[in-house]
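Undergrad: After the sequence you'll find the predicted model.
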Amino acid sequence: MVPVVEALPLDFPFCYRPSMTSPSDKRVLRVFADYGASTPLWGAGLIEDLDALGLSLGLQQTLRETAEVFNDSVVPELGWKSEQRRHEYMRLLDESVKGLTAELGSRCTIIKE
C-alpha cells in the first residue's frame, strides 16, 4: 500500500510526508550516508536540496565532504576500508549534525542515524 501524501502549501520548503514529522510537528531531517549519495541529508526518503534549505556554504561543504569520505571509505557489501576512515566519517557526521542543529534546529528535528 502506497502512503498518501497530503498537499503542502506552495511556500513549504521541505519535502516530507506526515509520518516523517516529530511530535512537535517540526519537520524531520535524517542525517546518514548512503553509498553514492552526494549528501547525507535526507527528508522523506529523498536527498535534501542544500541550497533550498538556506544552509550556510560552510555547512553545505561539510555535508558534501561527509558524503565524499563515506563514498571513498566504504566498500559496498564489505564495509570500511579502515578504522581511521570510519572515525573520520563519524567526526564529520557529528560536525554536520551540530551545524544542522544550529542552523535549522528551530524549524526541524535533526536525527543522526
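TA: Alright, I've got the coordinates.

Undergrad: So what does the nearest residue to residue 50 once chain neighbours are set aside look like in phi/psi?
TA: The spatially closest residue to residue 50, leaving aside those adjacent along the chain, is residue 60, at 4.5 Å (Cβ to Cβ, 6 or more residues apart in numbering). In short, each C-beta sits where N, CA and C put it, glycine included. When read as degrees, to the nearest 10, the backbone of residue 60 gives phi -60, psi -40.

Undergrad: is it true that residue 60 touches residue 49?
TA: No: in this structure residue 60 lies outside contact range of residue 49 using Cβ atoms under 8 Å: 10.3 Å.

Undergrad: in this protein, which spans are strands?
TA: Secondary structure of the chain (DSSP state E): strands at 27-31, 41-43, 46-47, 74-75, 79-80, 108-112.

Undergrad: Starting from the third one, tell me which strands it pairs with and how they run.
TA: Read that as strand 46-47. strand 41-43 (antiparallel) (DSSP bridges).

Undergrad: Let me see the mean pLDDT of the strand it pairs with.
TA: Averaged over strand 41-43, pLDDT sits at 89.

Undergrad: Poorly predicted segments of the chain, please.
TA: For the chain, residues meeting the criterion pLDDT under 70 lie at 1-24.

Undergrad: could you pull out the helices for it?
TA: For the chain, the helices defined by DSSP state H cover 57-73, 83-104.

Undergrad: Ok, which of those helices comes nearest residue 31?
TA: helix 83-104 (5.5 Å; Cβ to Cβ).

Undergrad: Which secondary structure elements does the closest one sit against?
TA: Where contact means 3 or more Cβ pairs under 8 Å, 6 or more residues apart in numbering; DSSP states H and E, helix 83-104 is packed against strand 27-31, helix 57-73, strand 108-112.
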